[in-house]
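[1] Below is the structure, and that's it, no one-letter string:
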Ligand code: HEC
């Protein structure tokens with residue numbers, strides 16, 4: 001009878017468990033250190049801008065997907081639209097609050113929100 005067999009089996013099993021544990025452990029330890037990912041344009045719209053820009057548009061806000069409401073605004077150029085969204089804007093129909101009242105969002109996130117809304121009518 002081969003006395004080596006159980007030992008070898010245990011060794012192989014031990015290596016297998018070590019490898020399996022090694023594959024699981026790093027994936028778990030990465031989670032808490034991951035930085036907060038920036039919101040996409042659609043996420044910015046859905047969490048912030050939607051409060052006023054959801055159809056039919058609240059307080060004079062141009063509604064998402066309403067080409068008539070957006071055409072004249074888009075004609076001003078993206079820089080103007082972005083500037084108005086970042087800094088706030090009082091136009092002919094109402095008041096666009098600075099960053100949609102979310103100063104905690106980055107400029108990049110607000111810009112992506114503007115682009116998302118423009119894309120919904122520019123297609
Ligand atoms: C509290 C309501 C409110 C929220 C929230 C809001 N908006 Fe507005 N927004 C308005 C109103 C009202 C106008 C129209 C102002 C006018 O032309 O008189 C407007 C206009 C705009 C315009 C057009 C500006 C122009 O020059 O014609 C852009 C771009 C815009 N909003 C982007 C955003 C983005 C991006 C968000 C989300 C981050 C957002 N808004 C959130 C009310 C809001």
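    Here it is on my side, so go on. As the structure is a prediction and not an experimental result, all values here were calculated from the model.
[2] Low-confidence regions, the protein specifically.
    Counting by pLDDT under 70, the chain contains low-confidence residues at 1-34, 122-123.
[3] Tell me the residues on it that lie near the ligand, please.
    44, 48-49, 51-53, 59-62, 73, 76, 80-81, 84-85, 89, 91-97, 100-101, 110, 113-114 (Cβ under 6 Å from any ligand atom). Just so you know, the C-beta spots here come from the backbone N, C-alpha and C atoms, and that holds for glycine as well.
[4] Please report phi then psi for the residue nearest to the spatial centre of the chain.
    By Cα atoms, centre = their mean, the mean C-alpha position of the chain lies nearest to residue 39, the distance being 2.0 Å. As for residue 39, its main-chain torsions (degrees, to the nearest 10) stand at phi -70, psi 150.
[5] wait, isn't it in contact with residue 104?
    No. Counting by Cβ atoms under 8 Å, residue 39 stays clear of residue 104, with 10.9 Å between them.
[6] ranges for the strands of the chain?
    When assigned using DSSP state E, the strands of the chain occupy the ranges 89-90, 95-96.
[7] Relative to residue 69, which of these is closest?
    Each of the strands of the chain has some distance to residue 69 by Cβ to Cβ; the shortest is strand 95-96, at 12.8 Å.
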